[in-house]
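In: When you get a sec, could you give me coordinates for this:
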Amino acid sequence: MPTILGLSGSLRKASFNAGLLRAARDVAPDGTSIEIGEIHDVPLYDADDEKANGLPEAVKRLQSRLDAADALLMVSPEYNKSIPGVFKNTIDWMSRGDGLKYFTGKPVMLIGASPSGFGTILGQNAWLPVLRTLRTRLWTGGQLMVSGAGDKFDEDGNLTDGETRDQLRKLIAEFVKTL
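Out: Numbers count the residues shown, from 1 in each chain. The predicted structure follows:
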């Protein structure tokens, strides 16, 4: 049974991207587990703190989960046409210590949702050099950049749009076939 670590790059309680990640978990093919990781407890990166205290426990947990997973699903908002700082900070921390080995060769799927009319196209493009540097195996078999997310999610951040849910189901199934 494939296991995928899913991370949402938003801290907002009713986040569209956290909702998209939950929907991905719910529509994953039978026999596939999407386990949602938590980034709320990851502190801002500080090399002095890392030198004095090593990796924070929240980072060690995420590294361990990434190591155990067959793939990584990154669900990323787009902030100011780029990567959300909190998500980049988490990935930076996860790559520290022995972290690079957990990313190397790991299949990664990148999706996202935004209230804008362009979805998360620029944010997803901004992740490309980061994912190359981490030596991941970015899956390019399909895309999902949910635009107009305010009309596709409810006030709690749950995906309510059937067409988007169907697209997500098909995309996750195609990704899982490659694992």
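In: mind listing the helices for this protein?
Out: All helices of the chain, identified by DSSP state H, fall at 16-27, 47-53, 57-68, 85-94, 100-103, 121-133, 162-177.
In: which of those sits most buried?
Out: helix 16-27 (a mean of 23; mean count of other Cβ atoms under 10 Å). C-betas here are computed from N, CA, C, even on glycine.
In: Next up, the contacts around the closest residue in space to Ile39 that isn't next to it in sequence.
Out: Distances taken as Cβ to Cβ, 6 or more residues apart in numbering place Thr90 nearest to Ile39, at 4.5 Å, with adjacent residues excluded. Thr90 makes contacts with 7, 9, 39, 42, 62, as judged by Cβ atoms under 8 Å, 6 or more residues apart in numbering.
In: Could you do Gly150 as well?
Out: 16, 115.
In: May I have the predicted confidence score for it?
Out: With respect to pLDDT, Gly150 has a value of 95.
In: so what pLDDT did the residue located most distally from the centre of the chain get?
Out: The centre of the chain is farthest from one residue, Ala52, which by Cα atoms, centre = their mean lies 29.1 Å away. Ala52 is assigned a predicted lDDT (pLDDT) of 98.
In: check contacts around the residue most central in space within the chain.
Out: Centroid-nearest residue in the chain, with Cα atoms, centre = their mean: Met74, separated by 1.6 Å. Met74 makes contacts with 7, 9, 87, 108-111, 127, as judged by Cβ under 8 Å, 6+ apart.
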